[in-house]
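test case, fold it:
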Amino acid sequence: MSGRASAARYARALLDVAIKESEPERIGQELDGFAALVAGNATLQGALTNPAIPVAAKRRVVQSLLEKATFAAPLGKILLMLAERDRLSLLPDMREIYRERLLEHLQVVQAEVTTATPLESADAARFEQRLASATGRKVIMTTRVDPSLIGGVVTRIGGTVYDGSLAAQLSKMRERLLHQG
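Numbers count the residues shown, from 1 in each chain. Alright, predicted model coming up:
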C-alpha cells in the first residue's frame, strides 16, 4: 500500500474519532501544529523519520512532546501508534488528507478566484456569497490577481475551473475564426 493510501487510512480513522468526540476542528489544529513543529525542526524531523533510529526512541520523543503540550487524546494515541509502527513519515500527507476530509465533513469548499484587477472587499464578499449559493456549501475564498486575464474571472473550486475571463473568450473566438476560414 502506498504511503498516501496509508496516510489516508490514519487520517480517516482520526477524523472518525474526532467527530465522535465533537472536536474535529480542534484536533485538526493540533495535528497541524504537531506536523508544523516536526517539519520546522530538521533535527526532530530526522530523528522521527530516519529508519536507523530505533522505534522505541521515536516513541519516547513523541511521548515527550505530547507531555509538553496538551493534545487531544485521540491525536496523542495516533501519534504514538505512528511512532510504534515507524510511520511518522506519513505525517505531512496525513495532515493534508485530514484537512481535506474535515472541510468535506463541515461542507466547506475552497474557491480560488483570479481576476485581472484586485477585487474590492464588498465585491469579493458578494462573489463569495454567490459561490455559496451556487454550491450549497460554505465557501472559503482566496483571491489572486493575474493581469493577463484582461477582464472577467477564473474560479477554481476543487478540481473544476470556471473560466469566464476575457482572455479565454478571445481565445475561443480566435479558434472559431481559424476553423471557419
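
who's in contact with stretch 135-142?
With contacts defined as CB atoms under 8 Å, 6 or more residues apart in numbering, stretch 135-142 is touched by 103, 106-113, 124, 127-128, 131-132, 157. Heads up, the C-betas are built off the backbone N, CA and C, glycines and all.

try 6 Å this time
Residues outside stretch 135-142 that contact it (CB atoms under 6 Å, 6 or more residues apart in numbering) are 107-113, 128, 131-132.

now do stretch 59-66
With contact meaning CB under 6 Å, 6+ apart, stretch 59-66 is reached by 47, 76, 79-80, 83-84.

quick revisit: ok, which pair from the contacts of stretch 135-142 is furthest apart?
107 and 113 (19.5 Å; CB to CB).

and these two? Which one has more around it.
Neighbour count, other CB atoms under 10 Å: between residue 107 and residue 113, residue 113 has more, with 20 against 10.

for that one, give the beta-bridge partners.
According to DSSP bridges, the residues that bridge with residue 113 are residue 143, residue 155.

distance-wise, check residue 4 relative to residue 90.
8 Å (CB to CB, to the nearest Å).

of these two, give the one with the bigger neighbour count.
residue 90 (21 against 12).

which residues does the more buried one contact?
3, 6-7.

could you do residue 8 as well?
Residues counted as contacts of residue 8 (CB under 6 Å, 6+ apart) are residue 97.
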